[in-house]
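1. Here is a sequence together with a model predicted from it:
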Amino acid sequence: MDELNGRMMACQILITGLIARVANDSPDPLRFLTDFRDEIKAVVRGVNISGMDNTDRVRQVAQSTVDELFSLMKPPSSDQ
């Protein structure tokens, strides 16, 4: 389970970096991130989850993961 969690964290970091890179290349990075976040949340709300008893819990965790990913995207610190 630890290996799976580690891989998931690595994927989240990679995806966060890719999204931030695309946002930095856009003319309005904050608007891009806001629109992209809203699209991802809409996908999570609409995805079909089958084979589980408590799909609401799975959806809730997925939504909080999206929020967590986007909360990581802050301006770079002045400390380098």
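-> That came in fine, so what should we check first?
2. only C-alpha atoms for contact and neighbour calcs from this point on.
-> Will do.
3. where in this structure is pLDDT low?
-> Scanning the chain for pLDDT under 70 picks out 1-2, 4, 74-80.
4. Longest helix in it, please.
-> Longest helix in the chain by number of residues (criterion: DSSP state H): helix 2-25.
5. what helices or strands is that helix leaning on?
-> Helix 2-25 is packed against helix 29-46, helix 55-71, with contacts defined by 3 or more C-alpha pairs under 8 Å, 6 or more residues apart in numbering; DSSP states H and E.
6. buried sites along the shortest one?
-> Neighbour-count burial for helix 55-71, with 16 or more other C-alpha atoms under 10 Å as criterion, is recorded at Arg59, Gln63, Val66, Leu69, Phe70.
7. List the residues that contact the last one.
-> By that I understand Phe70. By C-alpha atoms under 8 Å, 6 or more residues apart in numbering, the contact list for Phe70 reads Thr16, Leu33, Arg37.
8. can we see that at 10 Å?
-> Listed by C-alpha atoms under 10 Å, 6 or more residues apart in numbering, the contact set of Phe70 reads Thr16, Ile19, Ala20, Leu33, Thr34, Phe36, Arg37, Ser64.
9. for the second one, same thing?
-> For Gln63, the contacting residues are Ile40, Lys41, Ala42, Val43, Val44, Arg45, Arg57, Leu69, by C-alpha under 10 Å, 6+ apart.
10. Select, out of the helices and strands packed on helix 2-25, the one closest to Cys11.
-> Among the helices and strands packed on helix 2-25, the nearest to Cys11 by C-alpha to C-alpha is helix 55-71 (10.7 Å).
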